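Q: my questions are about this predicted structure, shown below with the sequence.
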Amino acid sequence: MSAPQQLTPAYLGSSKTPQSSNPLTAFWRSQVIAPEHRADNLVILRAVTVFAVGVAFVRSGLSSALVPIF
């Protein structure tokens, strides 16, 4: 009979990836660059980009081109 394997609780993470002592690094690895979250992160990036371009457009003088003057 073989020796029993030690179980790691799921809330402590997987033993395959090295644990980081820095919480920001752990967040970056698990939420930002993780492949399973990539599609959602790209949607958020696109929304933030559209918002920033819209704010820059309104703050510049170019927004007056949208209002026709008769």
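A: Cool, got the structure.
Q: what packs against whichever strand or helix holds residue 53?
A: Taking DSSP states H and E as the criterion, residue 53 maps to helix 38-59. Contacting helix 38-59 under the criterion 3 or more C-beta pairs under 8 Å, 6 or more residues apart in numbering; DSSP states H and E is no other helix or strand. Where C-beta positions appear, they are placed from N, C-alpha and C, glycine not excepted.
Q: now that helix, how far from the centre of its chain.
A: Averaging C-alpha positions (C-alpha atoms, centre = their mean, to the nearest Å) puts helix 38-59 13 Å from its chain's average.
Q: give me the distance between residue 61 and residue 26.
A: Remark: distance between residue 61 and residue 26 (C-beta to C-beta, to the nearest Å) = 45 Å.
Q: so those two - more neighbours on which side?
A: Higher neighbour count among residue 61 and residue 26: residue 26, with 14 against 8, using other C-beta atoms under 10 Å.
Q: average pLDDT for the helix or strand that one falls within?
A: Residue 26 is part of helix 23-27 when elements are defined by DSSP H and E. Averaged over helix 23-27, pLDDT sits at 91.
Q: with just CA atoms, put that helix into PDB.
A: What follows is helix 23-27, C-alpha atoms only, in PDB (Å, rounded to 0.1, in the frame of the first residue of the first chain):
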ATOM      1  CA  PRO A  23      -0.800  40.100  -2.800                       C
ATOM      2  CA  LEU A  24      -0.600  42.400  -5.800                       C
ATOM      3  CA  THR A  25       1.600  40.000  -7.700                       C
ATOM      4  CA  ALA A  26      -0.800  37.100  -6.800                       C
ATOM      5  CA  PHE A  27      -3.800  39.200  -8.000                       C
END
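Q: other SSEs contacting that helix?
A: By 3+ C-beta pairs under 8 Å, 6+ apart, helix 23-27 packs against no helix or strand.
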